[in-house]
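**Q** need coordinates for the following:
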Amino acid sequence: MTTFGQRLHAALAERGPLCVGIDPHPELLAAWGLTVDVAGLERFAGTCVDAFAGHVALVKPQVAFFEVFGAAGIVVLERTVTALRSAGTLVLADAKRGDIGSTMDAYARTWLTDASPLGSDAVTVSPYLGFGALEPALRLAVDGRGVFVLAATSNPEGAQVQQARTADGRSVAQVMVDEAAARNAGADTLGSVGVVVGATLTRAPDLSALHGPILMPGVGAQGGTAEDVRRLAGERLDAVVPNVSREVLRAGPTAAALRDAVSRTVDSFAFLRA
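**A** Down below sits the predicted model:
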């Protein structure tokens with residue numbers, strides 16, 4: 001079986017080191033001349049699929065901007081995920097799920113199995129009910145799917161929990177990175193348990209032993225730069241996947257303009273492929 005880490009490694013080599021978000025924020029819908037309703041959502045998502053499928057290594061729909069439209073929005077999300085994956089493009093559902101027991105198991109089956117119409121290649125998860133509570137999703141990562149664990153996020157409030165110190169002196173964020181690293185031990189190329197580290201941080205946890213992908217959101221509109229990515233990644237540049245969303249999406253509303261924006265952004269991260 002080909003693992004998610006192996007598929008991601010191949011996609012990054014072929015299509016460039018970039019994750020592009022599909023964030024149908026109301027301001028972007030309006031900027032594209034679309035109505036802020038399900039019809040506008042569907043046109044926005046469809047244009048993104050046309051632009052990114054087959055051209056971007058990893059595409060990350062932001063689930064919340066679909067959920068806000070209720071059941072009809074979820075249907076659009078289902079179609080978006082299916083269209084991208086059918087085109088051979090890896091999909092990371094940005095759902096940030098995290099719970100315990102049977103509830104976490106249900107979340108894992110929703111986002112990481114083909115039996116679900118929302119089944120994606122990977123999902124973002126929150127470990128702050130304890131890393132072990134993620135076990136249902138981690139088991140599916142062993143079976144060909146991937147997870148990206150929130151480790152050190154760039155929102156100021158995150159530091160209250162993530163930078164707290166444990167009994168052995170490590171930050172909570174570092175514990176999450178170390179737990180992910182343990183899951184990736186022995187993996188070929190990249191492991192399938194990644195972490196999320198914000199590109200606007202002053203410092204990152206030690207990522208040297210992770211042996212898995214490092215998703216870095218916050219590039220572009222949120223202020224993160226290519227140099228920030230280089231600084232935070234240290235020796236693990238080979239595993240970094242910068243995440244750009246609104247910086248690319250503002251180039252719409254045509255698929256061609258979005259692809260041009262992707263191309264320019266990939267060029268700015270050429271050092272990741274050196």
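
**Q** what ranges does the protein have for its helices?
**A** For the chain, the helices defined by DSSP state H cover 4-15, 26-31, 38-52, 64-67, 70-86, 101-112, 135-142, 159-162, 172-184, 226-233, 246-249, 255-268.

**Q** could I get those helices as a markdown table with distance to Thr124 and mean pLDDT?
**A** Glycine gets a C-beta too; all of them are placed from N, C-alpha and C. Formatted as a markdown table, the helices of the chain follow (distance: least, C-beta to C-beta, whole Å; pLDDT from 0 to 100):
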| stretch | distance to Thr124 | mean pLDDT |
| --- | --- | --- |
| helix 4-15 | 13 | 95 |
| helix 26-31 | 20 | 97 |
| helix 38-52 | 18 | 98 |
| helix 64-67 | 11 | 98 |
| helix 70-86 | 14 | 98 |
| helix 101-112 | 9 | 97 |
| helix 135-142 | 10 | 94 |
| helix 159-162 | 15 | 92 |
| helix 172-184 | 13 | 97 |
| helix 226-233 | 18 | 86 |
| helix 246-249 | 17 | 94 |
| helix 255-268 | 21 | 94 |
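
**Q** among these, which is nearest Ala93?
**A** Evaluated over these, closeness to Ala93 peaks at helix 101-112, with 5.0 Å, by C-beta to C-beta.

**Q** rewinding a little: quick one, which of the helices of the chain is nearest to Leu210?
**A** helix 172-184 (4.8 Å).

**Q** packing partners of the closest one?
**A** strand 146-152, helix 159-162, strand 193-197 (3 or more C-beta pairs under 8 Å, 6 or more residues apart in numbering; DSSP states H and E).

**Q** lowest average pLDDT across those?
**A** For these, mean pLDDT drops lowest on helix 159-162, to a mean of 92.

**Q** now for that one, which elements pack on it?
**A** helix 172-184.

**Q** distance from the helix it packs on to the middle of the chain?
**A** With C-alpha atoms, centre = their mean, to the nearest Å as the basis, helix 172-184 stands 17 Å off its chain's centre.

**Q** can you check what angle separates it from strand 146-152?
**A** Following axes from the mean of the first three to the mean of the last three C-alpha atoms, to 10 degrees, one obtains 160 degrees for the angle between helix 172-184 and strand 146-152.

**Q** who touches helix 172-184?
**A** 5, 127, 131, 138, 141, 149-152, 161-166, 170, 190-195, 205-207, 209-212 (C-beta atoms under 8 Å, 6 or more residues apart in numbering).

**Q** which among those residues end up buried?
**A** Among those, the ones that count as buried by 16 or more other C-beta atoms under 10 Å are 5, 127, 131, 138, 141, 149-152, 162, 190-195, 205-207, 210-212.

**Q** still on that earlier bit, as CSV, the helices of the chain with distance to Ala95 would be great.
**A** Shown next, in CSV, are the helices of the chain (distance: least, C-beta to C-beta, whole Å):
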stretch, distance to Ala95
helix 4-15, 16
helix 26-31, 20
helix 38-52, 16
helix 64-67, 8
helix 70-86, 10
helix 101-112, 6
helix 135-142, 10
helix 159-162, 19
helix 172-184, 18
helix 226-233, 24
helix 246-249, 19
helix 255-268, 23
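
**Q** measure stretch 98-118 end to end?
**A** Length of stretch 98-118, first residue to last, C-alpha to C-alpha, to the nearest Å: 17 Å.

**Q** what does stretch 53-60 give?
**A** Rule used - C-alpha to C-alpha; the end-to-end distance of stretch 53-60 is 12 Å.

**Q** then stretch 121-138?
**A** Note: stretch 121-138 ends 13 Å apart using C-alpha to C-alpha.

**Q** what's the answer for stretch 239-259, then?
**A** Terminal-residue distance, stretch 239-259 (C-alpha to C-alpha): 23 Å.

**Q** likewise stretch 186-194?
**A** End-to-end for stretch 186-194, by C-alpha to C-alpha: 15 Å.

**Q** got it, and stretch 132-145?
**A** 18 Å.

**Q** go on, stretch 113-124?
**A** Using C-alpha to C-alpha, the two ends of stretch 113-124 sit 15 Å apart.

**Q** contacts for that stretch next, please.
**A** 4, 7, 74, 77-78, 81-82, 85, 90-97, 107-112, 137, 140-141, 145-150, 192, 194, 196, 215.
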